[in-house]
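J.: could you look at this predicted model? Sequence included:
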Amino acid sequence: MMNRQLIFKKRPVGLPASDTWELQSNPIPELKEGEVLIQQHYVSLDPAMRGWMNDAKSYIEPIQIDDVMRAGSVGKVIKVNNHPKYKEGDYLTGWGGVQQYVVTNGENWYPVDPNLAPLPMYIGTLGMPGMTAYFGILEAGKIKEGDIVLVSGAAGAVGSIVGQIAKIKGCRVIGIAGGKEKCKYLIDELGFDSAIDYKSENIYEALKRECPKGLDVYFDNVGGEILDAALSRLRLNARVIICGAISQYNNKEAIKGPANYLSLLVNRATMQGILVMDYAKDYAKAAMQMGGWIAQGKLKSKEDIYDGIENFHETFLRLFSGDKKGKLVLKVIEE
């Protein structure tokens with residue numbers, strides 16, 4: 001049996017080209033004692049993957065040349081060699097990478113139940129993006145009823161969940177997204193109070209219109225000019241949560257930092273980075289809470305699924321073109 005694997009071949013400058021990776025078919029190694037073979041069904045495509053390709057110090061080691069492209073994944077155990085916890089037929093989620101099969105001793109893999117939720121949801125709303133949203137807005141953002149909350153990248157995997165949780169908690173929520181269709185989606189389907197189309201509006205004027213009294217919380221997924229504009233609207237004791245900066249990931253020059261940072265001083269505001277792994281011990285509690293909200297119809301989960309490991313590159317680029325809604329997922333199992 002052969003394993004189709006996406007191998008990382010060179011570090012990109014700017015937007016990754018197709019020759020950043022090479023699709024290979026390699027034999028699956030024999031299982032050692034205490035290992036399992038997982039047939040992967042879906043892999044997660046996330047903006048953070050772009051940062052992992054850079055040879056630079058970060059919160060996680062960079063991907064090494066000739067390694068399988070790092071990615072979260074979910075799949076089914078199809079073979080076991082005397083594993084203490086897992087058996088054939090179990091479904092697991094972990095860091096399987098962009099490949100069709102993975103051999104593992106099970107460390108940092110977690111069981112999931114496809115009868116409780118569709119598998120893609122375990123790498124979306126009930127996986128890393130959902131956990132990032134949950135802990136980012138509740139623990140770091142410290143939202144309370146009546147807060148005015150602004151979310152950028154609001155139609156994406158994290159932003160869409162952030163906004164919905166803030167609504168559940170009684171906040172007024174404004175989303176920033178690209179294009180009329182996405183803005184309509186935020187209001188009509190996800191229940192945001194209003195939306196700003198950064199592609200067709202002046203962001204400073206739009207924020208004055210939608211947040212005349214300023215902001216209590218800004219959840220930032222994009223960085224750049226939008227972060228700068230949000231800083232100009234902070235209220236006293238506001239909280240700015242830095243989750244990502246997708247507008248800057250493919251820069252060929254230095255990252256553009258905020259010019260309006262003195263607003264933090266004037267308003268005694270805080271700016272805090274959020275990394276989901278810091279909250280790992282509480283993932284199960286968060287998943288139960290969000291699963292309950294989904295069951296009650298209070299939280300909507302959207303997965304944008306594309307088929308075929310050979311289509312990784314064009315699907316990955318949707319993260320940066322904005323040609324998607326919700327969580328971007330690649331189906332790698334061949335039926």
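T.: Good, I have the coordinates.

J.: in the protein, which residue is closest to the centre?
T.: By Cα atoms, centre = their mean, the chain has its centre lying nearest to residue 129, at 3.9 Å.

J.: so it belongs to a strand, correct?
T.: No: assessed with DSSP: H, G, I helix; E, B strand; the rest coil, residue 129 is helix; it does not lie in a strand.

J.: for it, which non-adjacent residue is spatially closest?
T.: Sequence neighbours aside, residue 157 is the residue nearest to residue 129 in space, at 3.8 Å (criterion: Cβ to Cβ, 6 or more residues apart in numbering). C-beta: built from backbone N, CA, C; applies to glycine.

J.: and that neighbour, how many neighbours?
T.: By the criterion of other Cβ atoms under 10 Å, residue 157 has 32 neighbours.

J.: over to the one 3 residues further on?
T.: By the other Cβ under 10 Å criterion, the neighbourhood of residue 160 contains 33 residues.

J.: list the contacts of it.
T.: Residues in contact with residue 160 (Cβ atoms under 8 Å, 6 or more residues apart in numbering) are 154, 186, 190, 300, 302, 325-326.

J.: pull out the buried members of those.
T.: 154, 186, 190, 302, 325-326 (16 or more other Cβ atoms under 10 Å).

J.: I'd like those residues as JSON lines, with distance to residue 73, secondary structure and pLDDT appended.
T.: Compiled in JSON lines, the buried ones among the contacts of residue 160 are given as follows (distance: Cβ to Cβ, whole Å; DSSP: H, G, I helix; E, B strand; the rest coil; pLDDT from 0 to 100):
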{"residue": "154", "distance to residue 73": "26", "secondary structure": "coil", "pLDDT": "97"}
{"residue": "186", "distance to residue 73": "28", "secondary structure": "helix", "pLDDT": "97"}
{"residue": "190", "distance to residue 73": "26", "secondary structure": "coil", "pLDDT": "97"}
{"residue": "302", "distance to residue 73": "19", "secondary structure": "coil", "pLDDT": "92"}
{"residue": "325", "distance to residue 73": "21", "secondary structure": "coil", "pLDDT": "86"}
{"residue": "326", "distance to residue 73": "18", "secondary structure": "strand", "pLDDT": "88"}
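
J.: in TSV, list those along with distance to residue 173.
T.: Converted to TSV, the buried ones among the contacts of residue 160 look like this (distance: Cβ to Cβ, whole Å):
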residue	distance to residue 173
154	9
186	9
190	9
302	16
325	17
326	17
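
J.: which one of these is nearest residue 104?
T.: Of all the buried ones among the contacts of residue 160, residue 326 has the smallest distance to residue 104: 27.9 Å, by Cβ to Cβ.

J.: the stretch 1-150 of the chain: helices as residue ranges?
T.: Assigned by DSSP state H, counting those that start in this stretch, the helices in the stretch 1-150 of the chain fall at 48-52, 128-135.

J.: from the chain's centroid, how far away is the last one?
T.: What it means is helix 128-135. 8 Å (Cα atoms, centre = their mean, to the nearest Å).

J.: in the longest strand along the chain, what's buried?
T.: If you go by DSSP state E, the chain has its longest strand at strand 35-45. Going by neighbour count (16+ other Cβ under 10 Å), the buried part of strand 35-45 is 35-45.

J.: helices and strands around that strand, which ones?
T.: Using 3 or more Cβ pairs under 8 Å, 6 or more residues apart in numbering; DSSP states H and E as the contact test, the elements touching strand 35-45 are strand 73-81, strand 101-104, strand 327-331.

J.: need the residues that contact the last one.
T.: Okay, so that is strand 327-331. Against strand 327-331 from outside (Cβ under 8 Å, 6+ apart): 41-46, 98, 120, 123-125, 129, 157, 301-309, 311-312, 315, 318-319.

J.: partners of it in the sheet?
T.: Taking DSSP bridges as the criterion, strand 327-331 sits next to strand 35-45 (antiparallel), strand 303-307 (parallel) in its sheet.

J.: and the gap between residue 88 and residue 77?
T.: 6 Å (Cβ to Cβ, to the nearest Å).

J.: out of the two, which sits in the more crowded spot?
T.: residue 77 (21 against 12).

J.: in the sheet, which residues pair with the more buried one? Tell me.
T.: Note on residue 77: beta-bridge partners residue 38, judged by DSSP bridges.

J.: my read is that residue 88 contacts residue 38, right?
T.: No: in this structure residue 88 lies outside contact range of residue 38 using Cβ atoms under 8 Å: 10.7 Å.

J.: now do the shared contacts for those two.
T.: Residues touching both residue 88 and residue 38 (Cβ under 8 Å, 6+ apart): 77-78.
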